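Peer 1: Got a predicted structure plus its sequence, pasted below:
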Amino acid sequence: MPVTTIDGREVHVDAEGFLTDPSEWDEGLGKTLAAAIGIDMTEEHWKVIRFLREDFQTQGETATTRRVQTVGGFPTKQQFELFPKKPAKKMAYIAGLPKPRGCV
Amino acid sequence: MRRLVVLGAGTAGTMVVNRLRPRLPEHEWHVTVVEQSDTHRYQPGYLFLPFGSMRPKDVSKPVRATLRKDVDLVTGTIDRVDTDGRTVLLQDGRELPYDYLVIATGTTPRPAETPGLEEAMAGGDVHEFFTYAGAMRLAARLADWRGGRLVVHVAEMPIKCPVAPLEFAFLADSFFRERGLRDQVEITYATPLPGAFTKPVSAEYLGTMLTERRIALEPDFVVESVDGDEHVLRSYDEREVPFDLLVTIPVNMGADYVARSGLGDELNYVRVDKQTLLSVDDDRVFAVGDAANTPASKAGSVAHFQVDGFTENFLAHVEGRPMTDLFDGHANCFIESGAGKALLIDFNYDTEPLPGTYPLPKVGPMKLLRESRINHLGKLAFRHLYWHVLLPGRRMPVPAHMSMAGKQVPPNGRTTAGGTAGETPTPVGIVPSFGED
């Protein structure tokens, strides 16, 4: 896995820049990752990202758009407003979690 | 007498009762299976029904004929499980007490979860093939369709048999080619995922399969509604995909009684430990196959590999011993690629599909992550094994846990198509697919 330096510390990322070790993440890093894809984090953004982080702790996988809506309480429309065009991928990127994947 | 009740006599439930019955002493255990249908369907055949390459008789048998004679079959619809009273309540008022319960009622397509889809399916141009009725209806439509825009669409993950929609697109390409209609058909594959192939090694090996077949890709497509009158799919980011014929995989969900019984997640899948399949809410309840919320593919092969370990674990659990045969997420799936060929993938929770040979190193005979004729013949032969080896609970000649034997591991550090070992990307600028493509 490639290692890169963000905010002065080394983190493990894949070739697309997604963190490969969720434990290397903190909110400061999340803010930097968000800025890298043009998102200025507001409290509304953080609510979603914190849900994703907490859900990952118990589930071991990144919550789907539906799960963010039905369990987290953030309607899909709102996810698209906060993280335009590709919310699932952008939320995972900012939260330092694996992006949505199929089996192949 | 102790009572084991199994809910659902599909692939998983049938294997569970046929495997466990001979292992549980007859004077100590009653084994009952509850099923609402009279017919067991070979669901992998649903992919072939629309193209006429399998017939109804190939995919259908009476449920009773698939079960051991010493297993009780109750035909009925489940209302809910009373876990405190350890009783299954049927809609007709019957009550089935249990000491241990195995939930194996799978998953079903739910068109009503997508605005407009149910109404659109009432017309003639919007179809699905994840049910027997849907596959047969689509067969009738394809038989006289003269071409236009065919859109193959996945509403939301997870779905049963996640490769089936891709296979459908490949087989459709082949089907129209053989009929001399390919130039009259535009095929588009619309998926909520970032691409048709999202695992790095698969993407590298298979990334060109769509373009080679002139199948257009519409990635990151999160459907907001289906408009049957206008013949258009609309996404949350305001894209529109027009179609003349839509083949959609609706949202898949577990049975509603699972939610009513307080055992399910947001998609009605039973919350279980992913290695033992024991409910995290109740230590008298297991879930096997598609009904469980394990982060494995929802596929018959997964059910098969789960049942191998589950059988031993169940016997240990009811005797108060620890469960030691831990499920690794193993799946093994053929992917029909058209023109009499297929791919094969073999993977688990931790290892993505890799190239190589299966089940034996070098000699195979199946090839992993590559198209071959023998893979296709393997898929066709599997139907016979399903009815005569798998369902009756006989041993298949392949290991339940995934093996690295025969697999080629890509060089360390190379994790994605086009990526090379030692590359050190910076976070800015290495997220190209976040652009407005």
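Peer 2: Perfect, I can see it now.
Peer 1: Number of residues surrounding B:A65?
Peer 2: B:A65: 9 surrounding residues under other C-beta atoms under 10 Å in any protein chain shown. Backbone N, C-alpha and C define where each C-beta goes, glycine included.
Peer 1: How about the contacts made by it?
Peer 2: Contacts for B:A65 (C-beta atoms under 8 Å, 6 or more residues apart in numbering or on different chains) come out as B:H40.
Peer 1: chain center to the helix or strand containing B:L20: distance?
Peer 2: Here B:L20 sits within helix B:11-20, counting by DSSP states H and E. With C-alpha atoms, centre = their mean, to the nearest Å as the basis, helix B:11-20 stands 17 Å off its chain's centre.
Peer 1: Helix or strand next in line after that helix, which one?
Peer 2: Using DSSP H and E, the helix or strand that follows helix B:11-20 in sequence is strand B:29-35.
Peer 1: Show residues contacting that next one.
Peer 2: By C-beta under 8 Å, 6+ apart, the surrounding residues in contact with strand B:29-35 are B:1-10, B:13-14, B:17, B:20-21, B:24, B:63, B:67, B:70-76, B:78, B:88, B:90, B:96.
Peer 1: Compute the inter-axis angle for that strand and helix B:11-20.
Peer 2: Angle of strand B:29-35 versus helix B:11-20, following axes from the mean of the first three to the mean of the last three C-alpha atoms, to 10 degrees, is 160 degrees.
Peer 1: Now find how far off-centre strand B:29-35 is within its chain.
Peer 2: Here the centre of strand B:29-35 is set off from its chain's centre by 25 Å, with C-alpha atoms, centre = their mean.
Peer 1: Filter the contacts of strand B:29-35 down to just the ones in helices.
Peer 2: Those of these mapping onto helices are B:13-14, B:17, B:20, B:63, per DSSP state H.
Peer 1: Dump those residues to a markdown table, plus pLDDT and distance to B:A133.
Peer 2: Output for these, formatted as a markdown table (pLDDT from 0 to 100; distance: C-beta to C-beta, whole Å):
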| residue | pLDDT | distance to B:A133 |
| --- | --- | --- |
| B:G13 | 98 | 21 |
| B:T14 | 98 | 21 |
| B:V17 | 98 | 26 |
| B:L20 | 98 | 31 |
| B:V63 | 98 | 17 |
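Peer 1: could I get those as a markdown table with neighbour count?
Peer 2: Listed next are those as a markdown table, based on neighbours: other C-beta atoms under 10 Å in any protein chain shown:
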| residue | neighbour count |
| --- | --- |
| B:G13 | 28 |
| B:T14 | 28 |
| B:V17 | 26 |
| B:L20 | 23 |
| B:V63 | 20 |
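Peer 1: which one of these sits closest to chain A?
Peer 2: The nearest member of the ones in helices among the contacts of strand B:29-35 to chain A, counting by C-beta to the nearest C-beta, is B:G13 at 23.0 Å.
Peer 1: Are any of the contacts of strand B:29-35 buried, and if so which?
Peer 2: Among these, those buried by neighbour count (16 or more other C-beta atoms under 10 Å in any protein chain shown) are B:3-10, B:13-14, B:17, B:20-21, B:24, B:63, B:67, B:71, B:74, B:78, B:88, B:90, B:96.
Peer 1: check contacts around the nearest residue to B:V88 once chain neighbours are set aside.
Peer 2: The shortest distance from B:V88 to any non-neighbouring residue, by C-beta to C-beta, 6 or more residues apart in numbering or on different chains, is to B:L96 (4.3 Å). B:L96 sits next to B:3, B:5, B:32, B:34, B:74, B:87-88, B:90 when contact means C-beta under 8 Å, 6+ apart.
Peer 1: nearest to B:V241, of those?
Peer 2: When the contacts of B:L96 are compared for distance to B:V241 (C-beta to C-beta), B:V34 wins out at 40.9 Å.
Peer 1: quick one: pLDDT of the closest one?
Peer 2: pLDDT for B:V34: 98.
Peer 1: Count residues in the vicinity of it, would you?
Peer 2: Neighbour count of B:V34, defined by other C-beta under 10 Å: 23.
Peer 1: Next: the one 10 residues further on.
Peer 2: The burial count assigned to B:P44 is 23, neighbours taken as other C-beta under 10 Å.
Peer 1: And for B:N332?
Peer 2: 23.
Peer 1: Using CSV, write out every CA atom in the one helix or strand B:A203 maps to.
Peer 2: Assigned by DSSP H and E, B:A203 belongs to helix B:200-206. What follows is helix B:200-206, C-alpha atoms only, in CSV (Å, rounded to 0.1, in the frame of the first residue of the first chain):
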residue,chain,number,x,y,z
PRO,B,200,-8.8,-3.6,-8.4
VAL,B,201,-7.7,-6.9,-9.9
SER,B,202,-11.1,-7.6,-11.6
ALA,B,203,-11.0,-4.1,-13.0
GLU,B,204,-7.6,-4.7,-14.5
TYR,B,205,-8.5,-8.1,-16.0
LEU,B,206,-12.1,-7.4,-17.0
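Peer 1: Now do the residue in the stretch 251-400 of chain B that chain A sits nearest to against B:G116, distance only.
Peer 2: Nearest to chain A in the stretch 251-400 of chain B, going by C-beta to the nearest C-beta, is B:E266, at a distance of 4.4 Å. To B:G116, B:E266 is 22 Å away according to C-beta to C-beta, to the nearest Å.
Peer 1: just curious, which of the contacts of B:L96 is nearest to B:A259?
Peer 2: Using C-beta to C-beta, these come closest to B:A259 at B:V88, 15.2 Å.
Peer 1: Count the residues that sit near the nearest residue to the residue of the stretch 251-400 of chain B closest to chain A once chain neighbours are set aside.
Peer 2: Once flanking residues are discounted, B:E266 sits nearest to A:T70: 4.4 Å by C-beta to C-beta, 6+ apart. Each residue near A:T70 was counted by other C-beta under 10 Å, and the total is 16.
Peer 1: pLDDT score for A:T70?
Peer 2: 94.
Peer 1: Would you check that it makes contact with B:N268?
Peer 2: No - A:T70 sits out of contact with B:N268 when judged by C-beta atoms under 8 Å, with a separation of 11.3 Å.
Peer 1: what's near enough to touch the nearest residue to B:F314 once chain neighbours are set aside?
Peer 2: Using C-beta to C-beta, 6+ apart and skipping the chain neighbours, the partner closest in space to B:F314 is B:L20 (6.4 Å). For B:L20, the contact set (C-beta under 8 Å, 6+ apart) comprises B:4, B:31, B:311, B:314-315.
Peer 1: Quick one: buried ones out of these?
Peer 2: Neighbour-count burial within the contacts of B:L20 applies to B:4, B:31, B:311, B:314; the criterion is 16+ other C-beta under 10 Å.
Peer 1: so the second one bridges to which residues?
Peer 2: Following DSSP bridges, B:V31 is listed with bridge partners B:L4.
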